[in-house]
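A.B. asks: Sequence isn't available, so here's the structure alone:
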C-alpha cells in the first residue's frame, strides 16, 4: 500500500526532500505544505542577486509543472496549526486534517527582532523571505540612508548590495569586532576594512537603545547618545528556529528540533531538515543548527533515504560561502578558541587560506578568494587525517600533496 509523506515547510529543504524521494524511487503520496504564497525558492539570492535587482523568478527551485509531473501535491499559502503524533495527523488552519505515515518538518527560521522602542516603525525591516527581499530592494535607492543592525554575514551582504545601489550605508555591531568568533576577529577586521574602503560606516562596540521616528523611521539612537539618521533600518541580528509546532507536539527541541544523523526526531515517524533542525552531532560539531544552502540539500537527501529504508551517505564537513563586492569567502568545518591557527599565504594579499587544527587534524578552514582549494581541503577534513602544520602553511607545497591514500 502507498503511504502518505507530508512535508511541512515549502522552502529549499522541503522541496528538495520531495525531489529526493521521487529520485530514489518513491511512489508514495507526497504532500508539500508551505505558509508562503510563493512556490519553494532558494534563500541565498535574497541578500545577493535580488537586492542587486534580479527577479525573484530566478530563485524558484522547481516550476509548478514539476510538481504536477512528479505527482506532488504542493499547497502554498497554507498553515499547519498542530501536529498530533498519537493519531499521526496534522491539523490545518482551516480546521481540516491530514493523516500521515511519515512527517518531515522543514519549517525553517524567522528573523530575530529587537525588543526596543521604535522597532515597529515603518521602514524597520528584516530579511528572511522573498517578500522581505523585495521590500528592501525597493528602498535601496541612490543616496538612501540605510542602517544595518548586526555585522554578521547577512548584514555585510546587505551592506555590499546597498552600496552597489548607491546608498549611504552604516553597519552597527554591538561587539568589539565583526565576526569575532572566526579567526579571533581577524576575518572581521579584514571585512571591516573592505567595507570601509567602499564607503560603509562601520560602528563597533555600539549598542542600539531606540529607533526614532514619527510613523516611519528617521534615526537610531545609540547607548552613548549618538543619533544616526536613517531612511531604512535593517535588523540582522540572527534567527530563531520555527520549532513551535514541534514543541507543542512533544518533540525534543532546543532552538530547533533535535535530530540524529538520519534526520529522525525524538518521535517515531517524524523527521526534521534544514534550518530548523538541530543536529545532535554533525561531523565533529555537537548540537549544531546549520543555516546553509548545502545543509538543506544534504538533509533533504538524508530524510528521503531514511524514510525509504536506505543507508544515509557519509558525514562531511559543513560548508558555507558569502560574496561581498568582488570577494568570495568560503568556510568549512568549525573552530574553537584553543585551535591552532595556520595561515597559508599572505593574509594581507587578496587570496589566502586559514586553517584550524585540533589534535593534529584539520577542524576548520577559511578560504579567502581561494575557492579552488575547497575540494582538496574538504577531502583532508573528511578523511580526518593527521596533518603537518608546516606543510599545511607552505604555499609552495600543493595542498593535494598532503592527501594520504
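C.D. replies: Sure thing, it's come through. Everything numeric here is computed off the predicted structure, so don't read it as measured data.

A.B. asks: Enumerate the positions of the helix or strand of the chain with the lowest mean pLDDT that are buried.
C.D. replies: When the helices and strands of the chain are scored by mean pLDDT, DSSP states H and E, strand 285-289 comes last with a mean of 87. Residues 285, 288-289 are the ones in strand 285-289 that count as buried (16 or more other C-beta atoms under 10 Å). C-beta: built from backbone N, CA, C; applies to glycine.

A.B. asks: can you list those residues in a markdown table and add distance to residue 204?
C.D. replies: Converted to a markdown table, those look like this (distance: C-beta to C-beta, whole Å):
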| residue | distance to residue 204 |
| --- | --- |
| 285 | 27 |
| 288 | 26 |
| 289 | 26 |
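
A.B. asks: Looking at these, which is nearest residue 114?
C.D. replies: Of all the buried residues of strand 285-289, residue 289 has the smallest distance to residue 114: 21.0 Å, by C-beta to C-beta.

A.B. asks: can you tell me how far the closest one sits from residue 275?
C.D. replies: 7 Å (C-beta to C-beta, to the nearest Å).

A.B. asks: Next, show the common contact partners of these two.
C.D. replies: Residues touching both residue 289 and residue 275 by C-beta atoms under 8 Å, 6 or more residues apart in numbering: 241, 256.

A.B. asks: Residue ranges in the protein under the pLDDT threshold?
C.D. replies: For the chain, the stretches flagged by pLDDT under 70 are 405.

A.B. asks: how about a cut-off of 90?
C.D. replies: Along the chain, the model assigns pLDDT under 90 to residues 1, 53, 56, 180-187, 281-287, 313-315, 334-339, 347-348, 402-405.

A.B. asks: how does it divide up, domain by domain?
C.D. replies: The chain breaks down into these domains under automatic domain parsing: 4-110+240-307, 113-235, 326-402.

A.B. asks: could you point out which element follows the least confident helix or strand of the chain?
C.D. replies: Proceeding C-terminally, strand 285-289 gives way to helix 293-307 as the next helix or strand, assigned by DSSP states H and E.

A.B. asks: And that following helix, what's buried?
C.D. replies: In helix 293-307, residues buried by neighbour count (16+ other C-beta under 10 Å) are 293, 295-307.

A.B. asks: What residues does the residue positioned nearest the centre of the chain make contact with?
C.D. replies: Closest to where the C-alpha atoms of the chain average out (C-alpha atoms, centre = their mean) is residue 291, at 2.9 Å. Counting by C-beta under 8 Å, 6+ apart, residue 291 touches 109, 239, 275.

A.B. asks: Filter those down to just the ones in strands.
C.D. replies: 109, 239 (DSSP state E).

A.B. asks: A helix includes residue 45, no?
C.D. replies: Yes - the assignment for residue 45 by DSSP: H, G, I helix; E, B strand; the rest coil puts it in a helix.

A.B. asks: Okay, helices next: where are they in the stretch 1-150 of the chain?
C.D. replies: When secondary structure is read from DSSP state H, counting those that start in this stretch, the stretch 1-150 of the chain shows helices at 12-23, 64-69, 130-139.

A.B. asks: Contacts for the first one, please.
C.D. replies: When contacts are taken as C-beta under 8 Å, 6+ apart, the neighbours of helix 12-23 outside the stretch itself are 5, 7-8, 28, 30, 32, 34, 40-43, 61-62, 67, 70, 72, 104, 106, 108, 273-275, 293, 296-297, 299-301, 303-305, 307-308.

A.B. asks: now swap in the second one and tell me
C.D. replies: Under the contact criterion C-beta under 8 Å, 6+ apart, helix 64-69 has outside partners 18, 32, 39, 72-74.

A.B. asks: ok, now with 7 Å
C.D. replies: For helix 64-69, contacts defined as C-beta atoms under 7 Å, 6 or more residues apart in numbering pick out 39, 74.

A.B. asks: now do the last one
C.D. replies: Counting contacts by C-beta under 7 Å, 6+ apart, the residues outside helix 130-139 that touch it are 38, 41, 46, 50-51, 53, 56, 59, 125-127, 232, 234.

A.B. asks: Buried residues in that helix, which are they?
C.D. replies: Result for helix 130-139 [16+ other C-beta under 10 Å]: buried residues 130, 132-133, 136-137, 139.

A.B. asks: re the thing from before, who are the packing partners of the least confident helix or strand of the chain?
C.D. replies: With contacts taken as 3 or more C-beta pairs under 7 Å, 6 or more residues apart in numbering; DSSP states H and E, strand 285-289 sits against strand 277-282.

A.B. asks: The strand it packs on vs helix 12-23, what angle?
C.D. replies: In terms of direction (axes from the mean of the first three to the mean of the last three C-alpha atoms, to 10 degrees), strand 277-282 departs from helix 12-23 by 70 degrees.

A.B. asks: In the sheet, which strands lie alongside strand 277-282, parallel or antiparallel?
C.D. replies: Partner strands and pairing direction for strand 277-282 (DSSP bridges) are strand 257-259 (parallel), strand 285-289 (antiparallel).
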